[in-house]
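[1] model this:
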Amino acid sequence: MNAPSQVTLVEVGPRDGLQNEAQPVSTAQKIELIELLLAAGCREIEATSFVSPKWVPQMADNAAVMAGIPRRAGVRYSVLTPNMKGLEAALASRPDEVVVFGAATEAFSQRNINCSIAESIERFRPVVQAAHASGVKVRAAISCALGCPYQGEVSADEVEHVARLLRDIGVDHCGVADTIGVGTPARVEAAMERALRHFPIEEVSGHFHDTYGQALANIHACLGMGIHVFDTSIAGLGGCPYAKGATGNVATEDVVFMLHGMGIATGLDLDQLVDAGAAISRVLGRPPVSRAGRALLTRRESLRQAA
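    Alright, predicted model coming up:
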């Protein structure tokens, strides 16, 4: 397998992971989580979302989170910005990158943001232009690229259609997202191949939910293609309010355990990631979803009792 020697993981737990939690997480707890992630070596962190608090109340403290997090050299903080109003608020918080998203199916686009795919992309055009004018990178995601809760199967042609539209409005990076976690390796490879027709390999990433237990297998398939950027979420936090039954993003701890076992560098400290996952899980009152995290916590406790 001609896998990359190093992989970049974009930690999306503070934003994508927490946004659907019904239990309020305080600003201080969010900042503490980000500090723990920094201590573990995370250098790409999706910190918050500049959306209406009416729709995502968990992210209502976006400006306070951005004001409270430490700014360190070599760390890139990204924020979700669905429209120009969101971008204007976001730019005041000095993000390093903004994130926009377009659905791979018309059904999901209409149910999610009440407009067609083409209309959604046109909404992002001024966002991309204004972000670039401010020297801010724009990362885009194609949601439901491997399956749609309303349409069902999604073709590689549909993924390529959205990738082409995103390229045409000037986004810098294209993420292929399995929002409801139904993708399998062969289908993931087909979708990625289409994205790679329009973006260089260093600007294509995978975002996999683990609903059917396929996320690690899908990442492994991408590695074989040379793709080396993936979104992951500490403790397996996350889900999708528009995709009932969808579990969280693949756990950062699980991906790091696999990559390190393959001899692939991440720059991340697994033990400290486990600490971060355990800390936010305590805040939420439940154990980490991460299998590696749970196993390592159990091992620690066994060693402690044996000492």
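[2] surely Val75 meets Leu38?
    Yes. With contacts counted by CB atoms under 8 Å, Val75 reaches Leu38, the gap being 6.7 Å. To be clear about C-beta, it is placed using only N, CA and C from the backbone, and glycine gets the same treatment.
[3] overlap in contacts, those two.
    Ile45 (CB atoms under 8 Å, 6 or more residues apart in numbering).
[4] okay, now the unreliable bits of this structure?
    The model of the chain has pLDDT under 70 over residues 240-246.
[5] can you give me the strands for it?
    8-11, 44-49, 76-80, 97-103, 137-143, 173-178, 204-208, 229-232 (DSSP state E).
[6] can you redo these as JSON lines with distance to Met258 and mean neighbour count?
    Putting the strands of the chain into JSON lines (distance: least, CB to CB, whole Å; neighbours: other CB atoms under 10 Å) gives the following:
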{"stretch": "strand 8-11", "distance to Met258": "11", "mean neighbour count": "24"}
{"stretch": "strand 44-49", "distance to Met258": "18", "mean neighbour count": "25"}
{"stretch": "strand 76-80", "distance to Met258": "24", "mean neighbour count": "24"}
{"stretch": "strand 97-103", "distance to Met258": "25", "mean neighbour count": "25"}
{"stretch": "strand 137-143", "distance to Met258": "22", "mean neighbour count": "24"}
{"stretch": "strand 173-178", "distance to Met258": "17", "mean neighbour count": "26"}
{"stretch": "strand 204-208", "distance to Met258": "12", "mean neighbour count": "26"}
{"stretch": "strand 229-232", "distance to Met258": "11", "mean neighbour count": "26"}
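[7] make CSV out of the ones you listed and add distance to Gly248.
    Below are the strands of the chain laid out as CSV (distance: least, CB to CB, whole Å):
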stretch, distance to Gly248
strand 8-11, 13
strand 44-49, 14
strand 76-80, 17
strand 97-103, 17
strand 137-143, 15
strand 173-178, 12
strand 204-208, 11
strand 229-232, 10
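[8] closest to Ala90 out of the ones you listed?
    Ala90 lies closest to strand 76-80 among these, at 5.0 Å (CB to CB).
[9] that closest one pairs with which strands?
    Paired neighbours of strand 76-80 in the sheet (DSSP bridges): strand 44-49 (parallel), strand 97-103 (parallel).
[10] of all those, which lies closest to Glu202?
    So among these, strand 44-49 is nearest, using CB to CB, at 13.1 Å.
[11] next up, phi/psi of the nearest residue to Glu158 once chain neighbours are set aside, please.
    Among residues not flanking Glu158 along the chain, Ala104 sits closest, at 5.0 Å (CB to CB, 6 or more residues apart in numbering). When read as degrees, to the nearest 10, the backbone of Ala104 gives phi -80, psi -10.
[12] what ranges do the helices span in the stretch 101-250 of the chain?
    Counting by DSSP state H, counting those that start in this stretch, one finds helices in the stretch 101-250 of the chain at the ranges 106-113, 117-133, 156-168, 185-195, 215-224.
[13] sounds good, over and out.
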